[in-house]
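In: with the sequence up front, the predicted model follows.
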Amino acid sequence: MKRIVTGAHYGLRDWLAQRLTAVVMVVFILLFAAMLLISPPHDHASWKAIFANRWMRIASFLFLVSLFWHAWVGMRNILMDYIRAAGIRLTLQVLVILSLLFYTIWSVEILWS
């Protein structure tokens, strides 16, 4: 009997990417929450001072890139599982990729403007 192979077989790589990006996001959120609890900003100048620090911008960018990568893996898997028509699936995947690239560029603009 001939076995039909479907999908792209991203299994372990997807699983690892989801876990690594989740760890990056959790670490950032915990550190950011601790920072806010220790020294809560009370006005716009305080918030601006937090993000004036280069390390905070880099950490925020790593968080956002992790979030976008996490979203891509999840959306790609959902589209591969539930959209059978290849043309529609490819179109939706391209739209997701373009959206996430736009959000990444926008994040850079916001963090370094």
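Out: Received, thanks.

In: can you list the weak-confidence ranges in this structure?
Out: Within the chain, the stretches with pLDDT under 70 are 1-10.

In: now name the helix or strand holding residue 84.
Out: Assessed by DSSP states H and E, residue 84 sits outside every helix and strand.

In: can you pull out the helices in the protein?
Out: Assigned by DSSP state H, the helices in the chain fall at 11-38, 44-52, 54-82, 86-111.

In: hey, C-alpha coordinates of the shortest one in CSV?
Out: C-alpha atoms of helix 44-52 as CSV (Å, rounded to 0.1, in the frame of the first residue of the first chain):
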residue,chain,number,x,y,z
HIS,A,44,4.5,60.4,29.5
ALA,A,45,8.0,61.5,30.4
SER,A,46,8.5,58.5,32.6
TRP,A,47,7.3,56.1,29.9
LYS,A,48,9.6,57.8,27.4
ALA,A,49,12.5,57.5,29.8
ILE,A,50,11.9,53.7,30.1
PHE,A,51,12.1,53.2,26.4
ALA,A,52,15.0,55.7,25.9
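
In: which residues touch that helix?
Out: Helix 44-52 is touched from outside by 35, 41, 56, 57, 60, 111, with contacts defined as Cβ atoms under 8 Å, 6 or more residues apart in numbering. Every residue, glycine included, has its C-beta placed from N, CA and C.
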